[in-house]
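1. Model the following, please.
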Amino acid sequence: MKEVFRDTETRMKQAVDHFRNELKQVRTGRASIALLDGVTIDYFGTQTPLNQVANLSVADATLIVAQPFDPSQIGAIEKAIIQGDLGLNPSNDGRVIRIPVPPLTEERRKEMVKRAHDMAEHARNSVRQARRHGNDGIKALEQEKEIGQDDERRGHDEIHKLHDHYIGEIGNTLESKEAQVLET
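-> Take a look at the predicted model:
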């Protein structure tokens, strides 16, 4: 039964961690290298993360600078940033790509919050699936007579507590991100 709990908690924790990583890509109005984490470049036929083909830095609160290790890839990097659907318009001088991070409009902020809510719902669904998987595991143990009905009931209660804990973490993380996005 402990193995079922461990497996269930691991699945739930992975769902929350994935959600937090996805949220890093939601703009808050400040320049951050994390905005570009999901951007990949077709580097000689292989999809490669941007941070592996260029040196990224934040010049100030509204500008990200990308200096490609291979200057011949500037066009591909620019194209990938534009296709990343981040609302960023990079420009280059032949050596360096400057990526201005425009201030968010109220409409764009609401769009970002909506996107964050969608990500949160996806994470909640993953936690619910982990709960269902855990409950099925406990039920199977009871049916195989490895545990009694009382232990089954306690197991379901324990899994429900884990579920509530991780759903709460998702809610708190979403609230925090929403406040960051909506602050002016």
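2. What strand or helix carries residue 145?
-> In this structure, residue 145 is located outside every helix and strand according to DSSP states H and E.
3. Need the per-residue pLDDT for it.
-> Predicted confidence (pLDDT) at residue 145: the value is 86.
4. And for residue 13?
-> According to the model's per-residue confidence, residue 13 sits at a pLDDT of 96.
5. mind checking how far it is from residue 170?
-> Per C-beta to C-beta, to the nearest Å, residue 13 is found 11 Å from residue 170. Any C-beta I mention is one placed from the backbone N, CA and C, and that applies to glycine too.
6. So for these two, which sits in the more crowded spot?
-> residue 170 (22 against 15; other C-beta atoms under 10 Å).
7. quick check, the more buried one in a helix?
-> Yes: counting by DSSP: H, G, I helix; E, B strand; the rest coil, one finds residue 170 located in a helix.
8. Next, the contact list for the closest residue to residue 174 other than its chain neighbours, please.
-> Among residues not flanking residue 174 along the chain, residue 120 sits closest, at 4.4 Å (C-beta to C-beta, 6 or more residues apart in numbering). In this structure, residue 120 makes contact with 19, 170, 171, 173, 174, judged by C-beta atoms under 8 Å, 6 or more residues apart in numbering.
9. among those residues, who's most crowded?
-> residue 19 (24 neighbours).
10. could you say which helix or strand contains it?
-> Of the helices and strands defined by DSSP H and E, residue 19 is found in helix 2-23.
11. For the most centrally placed residue in the chain, give its distance to residue 136.
-> In the chain, the centroid-proximal residue (C-alpha atoms, centre = their mean) is residue 22; its distance is 1.3 Å. Here residue 22 is placed at a distance of 27 Å from residue 136 (C-beta to C-beta).
12. related to what we said a few turns ago, packing partners of the helix holding residue 19?
-> helix 106-143, helix 149-182 (3 or more C-beta pairs under 8 Å, 6 or more residues apart in numbering; DSSP states H and E).
13. I'd like those as CSV, with distance to residue 54 appended.
-> Compiled in CSV, the helices and strands packed on helix 2-23 are given as follows (distance: least, C-beta to C-beta, whole Å):
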stretch, distance to residue 54
helix 106-143, 25
helix 149-182, 26
